[in-house]
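S.K.: quick one: sequence and predicted model below, then my questions.
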Amino acid sequence: MGYEGKRLVLFDGVCNVCNALILFIIDRDPREQFVFAPLSSEIGRAALAKHGLAQPELDSVVLVEDGRAYSHSTAILRILGHLGGVWSLCWAGLVLPRFLRDWGYRYFARHRYAWFGKSDQCRVPTPELRRRFLASN
């Protein structure tokens, strides 16, 4: 399954915060504009390589849309902004300097496993949600 015409969200499959984020997006995305794949999947690795992002050094959620990839705070703000409603206010966060936004993002990312733990593997989606996740190896 490809992701043409969709917004691809790449995530850390063992991070409990990332898993919660994916479920949060799904619950607020009735138009099904987002599809998902772990960073470590074949699709994730290919998308990262295509956009010049090195996976071993990448500690971020990545959004791929319209032929561009966004990471760190920019990815999160764009994802939330696309959800519409009150979440559209997140677009305003993009006016803050990226180095400040990303400093906060990286601080959180460095501590997320200690604060929220991690799983041994990606959670298997329910059959209803499985179609939103791209096949991965």
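M.R.: Yes, it's here. Only a predicted model underlies this, so the values are computations on that prediction, with no experimental measurement involved.
S.K.: what about stretch 81-88, how long is it end to end?
M.R.: End-to-end distance of stretch 81-88 (CA to CA, to the nearest Å): 4 Å.
S.K.: what separates it from the chain centre, distance-wise?
M.R.: How far stretch 81-88 lies from its chain's middle: 16 Å, per CA atoms, centre = their mean, to the nearest Å.
S.K.: let me know the average pLDDT across that stretch.
M.R.: In this model, stretch 81-88 has a mean pLDDT of 94.
S.K.: can you list the neighbours in contact with that stretch?
M.R.: 7, 25, 28-29, 33-34, 80, 90-91 (CB atoms under 8 Å, 6 or more residues apart in numbering). Glycine gets a C-beta too; all of them are placed from N, C-alpha and C.
S.K.: among those residues, which ones are buried?
M.R.: With burial judged by 16 or more other CB atoms under 10 Å, the buried subset of the contacts of stretch 81-88 is 7, 25, 28-29, 34, 80, 90.
S.K.: just the ones of these in strands?
M.R.: Cross-referencing those against strands under DSSP state E gives 7, 34.
S.K.: let's have the buried ones among the contacts of stretch 81-88 in CSV, adding distance to residue 99.
M.R.: As requested, the buried ones among the contacts of stretch 81-88 are arranged in CSV below (distance: CB to CB, whole Å):
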residue, distance to residue 99
7, 25
25, 26
28, 29
29, 29
34, 27
80, 20
90, 18
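S.K.: wait, which of the buried ones among the contacts of stretch 81-88 is closest to residue 101?
M.R.: residue 90 (11.2 Å; CB to CB).
S.K.: measure the residue nearest to that closest one when sequence neighbours are not counted to residue 50 for me?
M.R.: In space, and not counting its chain neighbours, residue 90 is closest to residue 80: 3.9 Å by CB to CB, 6 or more residues apart in numbering. Separation of residue 80 from residue 50 (CB to CB, to the nearest Å): 24 Å.
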